[in-house]
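J.: pasting the structure only:
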């Protein structure tokens, strides 16, 4: 009975995408020694949330950078994580645009 409840909790946690619910479901499944597709789905969902959080932090950190290449690399990585709609992504895109405009102005002045 406890195993069935834990598997249902895993399914519900994955459906909700809620970090706390996922962690609780994973903990309960682990305590009961469960494995299987529902438990793997919980683990995968937690890893996806962690990757997204890491990608968002990276974008946030680079939004003030002067390196167009580093910002673009982080944006490409963020695209792969489905973060292109994040405000941090927009901030990085604006920063790249500003840096490229600045670079163009400098090139005009030097020419």
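T.: Received it, and whenever you're ready, just let me know what you need. Keep in mind that this is a model prediction, so the values were computed, not measured. Numbering: from 1, shown residues only.

J.: got the contact list for residue 5?
T.: Residue 5 makes no contacts at all, as judged by CB atoms under 8 Å, 6 or more residues apart in numbering. Just so you know, the C-beta spots here come from the backbone N, C-alpha and C atoms, and that holds for glycine as well.

J.: tell me which residues of the helix or strand containing it are tucked away?
T.: Assigned by DSSP states H and E, residue 5 belongs to helix 2-16. Buried residues in helix 2-16, counting neighbours by 16 or more other CB atoms under 10 Å, are found at 6-7, 9-10, 13-14.

J.: What's the mean pLDDT across that helix?
T.: Regarding helix 2-16, the rounded mean pLDDT is 92.

J.: Can you spell out which helices and strands pack onto the very next helix or strand once past that helix?
T.: Sequence-wise, the next helix or strand downstream of helix 2-16 (DSSP H and E) is helix 19-31. In terms of contacts (3 or more CB pairs under 8 Å, 6 or more residues apart in numbering; DSSP states H and E), helix 19-31 is packed against helix 2-16, helix 37-62.

J.: Mind telling me which residue is nearest the centre of the protein?
T.: With the centre of the chain defined as its mean C-alpha position, the nearest residue by CA atoms, centre = their mean is residue 52, 0.8 Å away.

J.: Name the nearest residue to that one, ignoring sequence neighbours.
T.: residue 81 (5.3 Å; CB to CB, 6 or more residues apart in numbering).

J.: On the pLDDT front, check the nearest residue to residue 16 once chain neighbours are set aside for me.
T.: Distances taken as CB to CB, 6+ apart put residue 22 closest to residue 16, at 8.0 Å, once the chain neighbours are dropped. Note on residue 22: pLDDT of 93.

J.: what number of residues lie near residue 22?
T.: Neighbourhood size, residue 22 [other CB atoms under 10 Å]: 24.

J.: quick one, what contacts it?
T.: Residue 22 is in contact with 13-14, 16, 42, 45-46, 49, counting by CB under 8 Å, 6+ apart.
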